[in-house]
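# Output the structure for:
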Amino acid sequence: MRESFEEAITRTVSDIARIGGLTEDQYKLCLEMGLKKHAFPSGRALWVAGTEWSKKQENFPGFYNCQSGFVDDVKMFGLLMELAMCGTGTGAVLEQEVVSKLPKIVNKLKLGDCEENLSQKGGQERTQVVYSPEFSRVKITVGDSRKGWVDAYQALIELSMNVYDKFEIEDGTDLTINIDLSKVRQAGEPLKGFGGVANPVKLRSTLERVIQVLAKATGRKLSPIECCLLIDEASSAVVAGNIRRSAGMRQFSEADLEAAEAKLNLYRQDSQGSWSVDPEREALRMANHTRTWHHKPTYEEILDAVEKQYRSGEGAIQYVPEAIARANADLLDSEEKRKKFLDIYCNRGSEKATEYIIELAELAGEPSDEKIIYHRMHRYGLNPCAEILIKDNLCNLSEIHLNTLDPQDVETQKKAFYAGGLQVAALLQHTFENERLQYSRAHDPIVAVSFTGLFDFFVHAFGEKWLQWMMQGRPEGRIANVFIQKEKFYLETWKDAAKQAVIDYCEEHSIRKPNRFTAVQPAGSKSLLTGASSGWHPPKAQRFVRRITFGKNDPLVAALRDWGYDIVPAQSARDEAGNLLDDVDDPRVREVLVEIPTEVSWANLPGCDQYDLNLLPVTAQWGLYMQVQRHYATHTTSATLEYRGHEIETLAKLMYEDIQQDGGYISVALLARFDANATFPRLPFEPVDKKTYDKLQAVVNARRSIFKDSVTLLELLEPYDRPDFELIPQDSACANEACTAKADKDEALGIS
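Have a look, this model is predicted:
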């Protein structure tokens, strides 16, 4: 059943209120701020809240945006896949000293027979693993459920390491693996409880690739990149299988050169302009890569990293000591203590820094046993959007849409952030079945109130003069002092309101108070609801084409096509040689992009249209990002800085100086500007000028004009909204009067 926006918000906020035991006044505030599009619950909660599925303890992770775990235990592989299947973005710390704790690969796996999924409705939910010692053969019958898929994947890894506890196998055995998918329901069949339809299109290839990766490592331990490939192969099955989000973050040691260059030339363009992807490394596109630095890097090290990111967009520098300091803010509760910790960690080593944390814990009456102190010193895991500092834990986010708030109405702003704090704190009532997750939840409860649309808010608040100052690179001077203080006022006001809500809630319910509670995520789908620029970032341009990924047979695709938008194949749509497909009706296309012409809310304000945001200097982006990092975020701030070749040294110097001065930097992603290098095709944002935008929007309006003004997108969706829907070419699909009229209008406009 489809919902209106009001119905979705009411359902979600009501369930959060039930879980958290909110008072009537707290509930009314959260609902009011949600309906006014000021404060949104997490995207995951909007999906699952209020369903019977979400009330089962094993499904609680489905509420949470993000997770990160240290891959030092074989069970972490299955957990990461399970969380990804719940829609949670997964982070994995894959430093060499972490993955070296995994067992060695002692049994060589070889793929045997594979029986396809033939059961239309599906069969047994549990995966069955049968070992035939006389033939050194294992048959894995994959269960038709989330747990079934995870157990099959986990069994392969444990069999290769000979830690599968169901039967005894002698070390060094060559195992033939037969895979039986006959119990898995076919594509298009409804999924129970979670919504959507099944599509096990990549399940077989995922299991095959896992076997290949494990076989290559026989006789030794897995490398960090091999661990990454195993995790990302599972993510590939999740995305293709359930047409659900899968975002990933992988953290590697700074000295791991294989990891640093793992994505170089992942995509290649031939002389004819066709794009292809390396099939052996394709799964790596499922996650972003970050390099962890446990010391203050030299300028030369930072410069090298910035140059590498310019070429590949990967390998961001994470400054670990600052991350650990923020994650222990309850003990390092003054600037003096924070800087002392950083000095000890960087100049005397992590062991001495650990001793300092133990000393502070004992003085504060906090637990100081070995397990909790180890946990405290390893809270630097990053989630896929890189804004949460976390160890073996889950974090829930709410999101404030600043573009819907009046810059002059500070009281309503405070209410919005207070409501956001209540919504994230309410889910601290959850307990998790997984022991590692629950330990972290009990000892390190974390939440995050995020915002989106900051750039839009500041343009409306400060006008064209602020935008001009940004375009000049935020130069120092009198006007800089004025704007910096105004930015700081808003950021600290919002942070204080969110913090107060979390404290008030936790004190009311006798829950351990989180020591970090604000962050800024990049903000994807929900930002589109209000047309907000993502997080703190500037929009790509005043006007751009926004591309959103859907499964090809999602009924929304057909409705959006009728609503006037163009549909093109997604980046995942490729031929056998790896070349991107161009025809959306090609049967090999399983994912598509909906192209939406977009104009920011301030594009037509006096004076604002004269600036080309593609020329926004990296110094301006850095300055605004660090304002947010210092005055709002208590976790960290998800940031992607875009830069050109001549800005490489400037950016490296900014990063180096801030780290040297303990200014608050933790990590940013870096991306070459659109016109700096050859760009990848079909990017999520493509800037266009006003003339092009007006033309594209005129086409959309013309297509849409065949409908009555009262027609809604939900009404257009209705005829397609069925489990067996399949997108078919427009020409053969349009037999009704509306489609005929649309075709006539398209022809008149010269639209193919």
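
# Who are the packing partners of the helix or strand where Arg291 lies?
Using DSSP states H and E, Arg291 falls within strand 287-293. In terms of contacts (3 or more CB pairs under 8 Å, 6 or more residues apart in numbering; DSSP states H and E), strand 287-293 is packed against helix 224-242, strand 248-253, helix 257-260, strand 316-319. Using the backbone N, CA and C atoms, a C-beta is placed for each residue, glycine as well.

# Let's test this: mean pLDDT of the second one, rounded?
Per-region confidence: strand 248-253 scores 93 on mean pLDDT.

# Same check on the first one?
The average pLDDT for helix 224-242 rounds to 82.

# Start the count at 14 instead of 1 going forward.
From this message on, residue numbering opens at 14, which makes the last subject helix 237-255.

# end to end, how far does stretch 177-188 reach?
In stretch 177-188, first residue to last residue: 13 Å (CA to CA, to the nearest Å).

# and for it, what are the contacting residues?
119-123, 142, 144, 146, 149-151, 168, 171-172, 175 (CB atoms under 8 Å, 6 or more residues apart in numbering).

# The same query, at a cut-off of 10 Å, please.
87, 117, 119-123, 125, 142-144, 146, 148-151, 167-175, 224, 228, 231-232 (CB atoms under 10 Å, 6 or more residues apart in numbering).

# re the thing from before, just put the helices and strands packed on strand 300-306 in a markdown table and tack on distance to Thr705.
Shown next, in a markdown table, are these (distance: least, CB to CB, whole Å):
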| stretch | distance to Thr705 |
| --- | --- |
| helix 237-255 | 31 |
| strand 261-266 | 34 |
| helix 270-273 | 38 |
| strand 329-332 | 32 |
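
# Make TSV from those and add distance to His307 and mean neighbour count to it.
As requested, those are exported to TSV (distance: least, CB to CB, whole Å; neighbours: other CB atoms under 10 Å):
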stretch	distance to His307	mean neighbour count
helix 237-255	16	24
strand 261-266	9	26
helix 270-273	15	17
strand 329-332	9	25
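
# ok, for Pro380, nearest residue in space, not its chain neighbours?
Among residues not flanking Pro380 along the chain, Ala374 sits closest, at 6.9 Å (CB to CB, 6 or more residues apart in numbering).

# you'd agree the one you found is up against Glu383?
No. Contact criterion CB atoms under 10 Å: Ala374 and Glu383 do not qualify, at 11.8 Å.

# between the two, which one's more packed in?
Ranked by neighbour count (other CB atoms under 10 Å), Ala374 and Glu383 place Ala374 first, with 19 against 9.

# For the closest residue in space to Gly75 that isn't next to it in sequence, give its distance to Glu660.
The shortest distance from Gly75 to any non-neighbouring residue, by CB to CB, 6+ apart, is to Cys99 (4.2 Å). Per CB to CB, to the nearest Å, Cys99 is found 40 Å from Glu660.

# Repeat that for Asp707.
Separation of Asp707 from Glu660 (CB to CB): 32 Å.

# more crowded one of those two?
Neighbours per residue, other CB under 10 Å: of Asp707 and Glu660, the larger number sits with Glu660, 22 against 14.

# Next, the contact list for the more buried one, please.
Residues near Glu660 by CB under 10 Å, 6+ apart: 319, 323, 630-632, 634-635, 654, 667, 685-686, 689.

# Any chance of a PyMOL selection covering the buried ones in those?
Buried residues within the contacts of Glu660, by 16 or more other CB atoms under 10 Å, are selected in PyMOL with:
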select buried, resi 319+323+630+631+632+634+635+654+667+685+686
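
# which residues are in contact with the helix or strand harbouring Lys365?
Assigned by DSSP H and E, Lys365 belongs to helix 363-377. Contacts with helix 363-377, where a contact means CB under 10 Å, 6+ apart, come from 307-308, 333-334, 337-338, 341, 343-346, 350, 353-361, 379-383, 385-387, 389-391.

# where exactly do the helices run in the stretch 314-463 of the chain?
With DSSP state H, counting those that start in this stretch as the criterion, the stretch 314-463 of the chain has helices at 333-339, 348-361, 363-377, 383-389, 423-439, 448-456.

# Out of the ones you listed, which is closest to Thr219?
Counting by CB to CB, Thr219 lies closest to helix 448-456 out of the helices of the stretch 314-463 of the chain; the figure is 24.1 Å.

# Output that closest one in CSV with nothing but the alpha carbons.
C-alpha atoms of helix 448-456 as CSV (Å, rounded to 0.1, in the frame of the first residue of the first chain):
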residue,chain,number,x,y,z
GLU,A,448,26.6,-9.5,21.4
ARG,A,449,29.1,-7.1,19.9
LEU,A,450,26.5,-4.6,18.9
GLN,A,451,24.7,-4.8,22.3
TYR,A,452,28.0,-4.3,24.2
SER,A,453,28.7,-1.1,22.3
ARG,A,454,25.1,0.0,22.7
ALA,A,455,25.3,-0.4,26.4
HIS,A,456,28.7,1.2,27.0
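
# And for that helix, what's in contact with it?
Contacts for helix 448-456 (CB under 10 Å, 6+ apart): 73-74, 77, 80, 82-83, 86, 88-89, 92, 96, 379-380, 384-385, 388-389, 392, 403-407, 441, 443-445, 447, 459, 525.

# switch to 7 Å and redo it
385, 388, 404-407, 444-445 (CB atoms under 7 Å, 6 or more residues apart in numbering).

# Can I get the buried part of these as one PyMOL selection?
To isolate the buried members of these in PyMOL, using 16+ other CB under 10 Å:
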select buried, resi 385+388+404+405+406+407+445
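
# any chance of the contacts of helix 448-456 in JSON lines, plus distance to Glu110 and pLDDT?
Output for the contacts of helix 448-456, formatted as JSON lines (distance: CB to CB, whole Å; pLDDT from 0 to 100):
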{"residue": "Ile385", "distance to Glu110": "20", "pLDDT": "98"}
{"residue": "His388", "distance to Glu110": "16", "pLDDT": "98"}
{"residue": "Lys404", "distance to Glu110": "15", "pLDDT": "97"}
{"residue": "Asp405", "distance to Glu110": "16", "pLDDT": "96"}
{"residue": "Asn406", "distance to Glu110": "20", "pLDDT": "96"}
{"residue": "Leu407", "distance to Glu110": "24", "pLDDT": "95"}
{"residue": "Thr444", "distance to Glu110": "31", "pLDDT": "96"}
{"residue": "Phe445", "distance to Glu110": "26", "pLDDT": "96"}
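
# Tell me the one among the contacts of helix 448-456 nearest to Ser680.
Lys404 (15.6 Å).

# Now that closest one, what are its backbone angles?
Lys404 adopts backbone torsions of phi -140, psi 120, taken as degrees, to the nearest 10.

# Surely it is in contact with Leu395?
No. Applying CB atoms under 7 Å as the test, Lys404 and Leu395 come out as separate, 10.6 Å apart.

# For the residue of the chain most remote from its centre, give me its contacts.
Largest separation from the mean C-alpha position in the chain: Glu147, at 46.1 Å (CA atoms, centre = their mean). Contacts for Glu147 (CB under 7 Å, 6+ apart) come out as none.

# about what we covered before: could you give me the ChimeraX selection string for whichever of the contacts of helix 363-377 are buried?
Applying 16+ other CB under 10 Å to these, the buried members can be selected in ChimeraX as follows:
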select :307,308,333,334,337,338,341,343,344,345,350,353,354,355,357,358,359,379,381,385,386,389,390,391
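
# picking that back up, to Ser55, which of the helices and strands packed on strand 300-306 lies closest?
Nearest to Ser55, of these and by CB to CB, is strand 261-266 at 17.4 Å.

# In the sheet, which strands lie alongside that closest one, parallel or antiparallel?
Strands that pair with strand 261-266, judged by DSSP bridges, come out as strand 102-106 (parallel), strand 300-306 (parallel).

# That one versus helix 237-255: what angle between them?
Strand 261-266 and helix 237-255 are oriented at 180 degrees to each other (axes from the mean of the first three to the mean of the last three CA atoms, to 10 degrees).

# can you dump the C-alpha coordinates of strand 261-266 into PDB?
The C-alpha trace of strand 261-266 is given here as PDB (Å, rounded to 0.1, in the frame of the first residue of the first chain):
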ATOM      1  CA  GLY A 261      30.000   1.000   2.300                       C
ATOM      2  CA  MET A 262      33.100   2.500   3.900                       C
ATOM      3  CA  ARG A 263      36.400   0.600   4.200                       C
ATOM      4  CA  GLN A 264      39.300   1.800   6.300                       C
ATOM      5  CA  PHE A 265      42.800   0.600   5.500                       C
ATOM      6  CA  SER A 266      46.200   1.200   7.100                       C
END
